[in-house]
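*Asks:* structure, please.
(2 chains)
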Amino acid sequence: EAAVTQSPRNKVTVTGGNVTLSCRQTNSHNYMYWYRQDTGHGLRLIHYSYGAGNLQIGDVPDGYKATRTTQEDFFLLLELASPSQTSLYFCASSAGNYAEQFFGPGTRLTVL
Amino acid sequence: GEQVEQRPPHLSVREGDSAVIICTYTDPNSYYFFWYKQEPGAGLQLLMKVFSSTEINEGQGFTVLLNKKDKQLSLNLTAAHPGDSAVYFCAVSPDTNAYKVIFGKGTHLHVLP
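*Replies:* Okay, the predicted model is just below:
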């Protein structure tokens, strides 16, 4: 049973559209992360959270909001999507302090 | 803050040959280091977690070396096979924030039969 799941797996929207990416983890981990993966940049951290209701800003937060509703669920929101946000998005969870991260399968987002 | 450089970005080797990927980091106080493997269409999977006190770590078919003097982490696949074809990422936990990792940009390894 996959411990980190993401939905949808693929999404196409138009410029200015509203998109929500969902992530659920069953690892009982406190920490959850949203990354984007782009050729030539590797993985870049957008937002992360250490528990329900908590949000920490990552390294590339502009244009993204996030919300952690429960320990299991972390959402990434693009309220006015732009073509520059076309990317592969990964969610991950970890137990915290210096711990390895467990990744979901990714969501490929295309903004036309 | 911590910066991680990974090289090479692309690597092609023949089956049975070795493949070496190197990451260089900047924060001398970094404690934990990770190697992840990403197969096509999938998320990243942990290959190995390395603590700063251990210089040589052996896995199944690969060795991870940590050279703290040169601030360098390397992954050596000793006899590559086509199943090793994937993108490999190093990651470093900086001293300033134990809950984040800084990823290298990845190495796309292609093992030719």
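*Asks:* what bridges to the spatially most central residue of chain A?
*Replies:* Nearest to the mean C-alpha position of chain A, by Cα atoms, centre = their mean, lies A:W34 at 3.0 Å. Bridge pairing for A:W34 (DSSP bridges) gives the partners A:H47, A:C91.
*Asks:* residues from chain A in reach of chain B?
*Replies:* A:4, A:31, A:40-45, A:48, A:50, A:58, A:90, A:92, A:94, A:96-98, A:100-106 (Cβ under 8 Å from any Cβ of the partner chain). From N, CA and C alone the C-beta is placed, and that goes for glycine too.
*Asks:* buried subset of these?
*Replies:* For the residues of chain A next to chain B, a burial check counting by 16 or more other Cβ atoms under 10 Å in any protein chain shown picks out A:4, A:31, A:42-45, A:48, A:50, A:58, A:90, A:92, A:94, A:98, A:100-104, A:106.
*Asks:* so B:S74 versus chain A, what's the distance?
*Replies:* 17 Å (Cβ to the nearest Cβ, to the nearest Å).
*Asks:* quick check, that residue in a strand?
*Replies:* Yes. B:S74: assigned to a strand according to DSSP: H, G, I helix; E, B strand; the rest coil.
*Asks:* residues near it, how many?
*Replies:* 16 (other Cβ atoms under 10 Å in any protein chain shown).
*Asks:* do I have it right that it meets B:I56?
*Replies:* No. Between B:S74 and B:I56 there is no contact under Cβ atoms under 8 Å: 10.5 Å.
*Asks:* shared neighbours of the two, which are they?
*Replies:* Contact criterion Cβ atoms under 8 Å, 6 or more residues apart in numbering or on different chains; residues shared by B:S74 and B:I56: B:64-65.
*Asks:* list the buried residues in stretch B:31-50.
*Replies:* Within stretch B:31-50, the residues that qualify as buried are B:31-38, B:43-44, B:47-50, counting by 16+ other Cβ under 10 Å.
*Asks:* cool, and stretch B:88-98?
*Replies:* Buried, per 16+ other Cβ under 10 Å, within stretch B:88-98: B:88-94.
*Asks:* next step: the buried residues of stretch B:31-50 restricted to strands.
*Replies:* B:32-38, B:44, B:47-50 (DSSP state E).
*Asks:* would you check that A:V111 makes contact with A:K11?
*Replies:* No. With contact defined as Cβ under 8 Å, A:V111 and A:K11 do not form a contacting pair (9.1 Å).
*Asks:* what segments of chain B are helices?
*Replies:* Applying DSSP state H to chain B gives no helices.
*Asks:* show the model's pLDDT score for B:T107.
*Replies:* We have a pLDDT of 97 for B:T107.
*Asks:* just give the number of residues close to it.
*Replies:* Using other Cβ under 10 Å, B:T107 has 23 other residues around it.
*Asks:* how far away is it from chain A?
*Replies:* On the measure of Cβ to the nearest Cβ, B:T107 and chain A end up 10 Å apart.
*Asks:* tell me who's in contact with that residue.
*Replies:* With Cβ under 8 Å, 6+ apart, B:T107 has these contacts: B:6-11, B:21, B:87-89.
*Asks:* of these, closest to chain A?
*Replies:* Using Cβ to the nearest Cβ, B:F89 comes nearest to chain A of the contacts of B:T107, at 6.5 Å.
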